[in-house]
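Asks: please work out how this folds:
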Amino acid sequence: MSEMKITFPGGKKVSANWHGFEIATDQPAGGGGEGSAPTPFDLFLASLGTCAGIFALGFIQSRGLSTEGLGISVSFEVSPETHLLSKTSMKISLPAGFPEKYKAAVIKAAEQCLVKRTMDNPPKFEITAG
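Replies: Numbering: from 1, shown residues only. As a prediction, this is how the structure comes out:
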């Protein structure tokens, strides 16, 4: 099993240390933090978009097409009852002149994102203390 180390540098800051990178999070000022870094939920949304992005980018690059203007917008809805994510939508902005024949395929490529596929088949969670 892989292991990521989580540290607490002060205040409401929580960092993940993984493969030599420190991934910093903080809470907004209204939540007792300094707003000095994204929240953990912000990073979750970013991981969805960037994961889909690397698959879309790879598809386009593998066909030798221009990636200029490629982008992805991530939008989401939160359930007012549970305060949990209820819907996530991603819109891929394709480069100018992108061939219509590849449109469905680039969407399918983005859907292969490991983060999305994990959400489609969520893991079991176990939390212990000691």
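
Asks: what sits closest to the residue nearest the centre of the chain if chain neighbours are left out?
Replies: Nearest to the mean C-alpha position of the chain, counting by C-alpha atoms, centre = their mean, stands residue 47 at 1.6 Å. Of all residues not flanking residue 47 in the chain, residue 115 sits nearest, at 5.0 Å (C-beta to C-beta, 6 or more residues apart in numbering). In short, each C-beta sits where N, CA and C put it, glycine included.

Asks: for the one you found, helix, strand, or coil?
Replies: helix (DSSP: H, G, I helix; E, B strand; the rest coil).

Asks: ok, how many other residues are close to it?
Replies: The number of residues packed near residue 115 is 15, by other C-beta atoms under 10 Å.

Asks: does the residue nearest to the centre of the chain sit in a helix or strand, and which one?
Replies: Using DSSP states H and E, residue 47 falls within helix 40-62.

Asks: for that helix, give me every contacting residue.
Replies: 14, 23, 25, 38, 66-67, 70, 72, 74, 76, 88, 90, 92, 95, 98, 102, 105-106, 109-116, 119 (C-beta atoms under 8 Å, 6 or more residues apart in numbering).

Asks: narrow the residues you listed to those in strands?
Replies: Within those, residues falling in strands by DSSP state E are 14, 23, 25, 72, 74, 76, 88, 90, 92.

Asks: the fourth one against residue 94, yeah?
Replies: So the one you mean is residue 72. No. Using C-beta atoms under 8 Å, residue 72 is not in contact with residue 94; the gap is 10.3 Å.

Asks: domain parsing for this protein?
Replies: 1-37, 39-120 (automatic domain parsing).

Asks: same list (these) but as TSV, adding mean pLDDT and distance to residue 127.
Replies: Listed next are the domains of the chain as TSV, based on pLDDT from 0 to 100; distance: least, C-beta to C-beta, whole Å:
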stretch	mean pLDDT	distance to residue 127
domain 1-37	96	12
domain 39-120	97	15
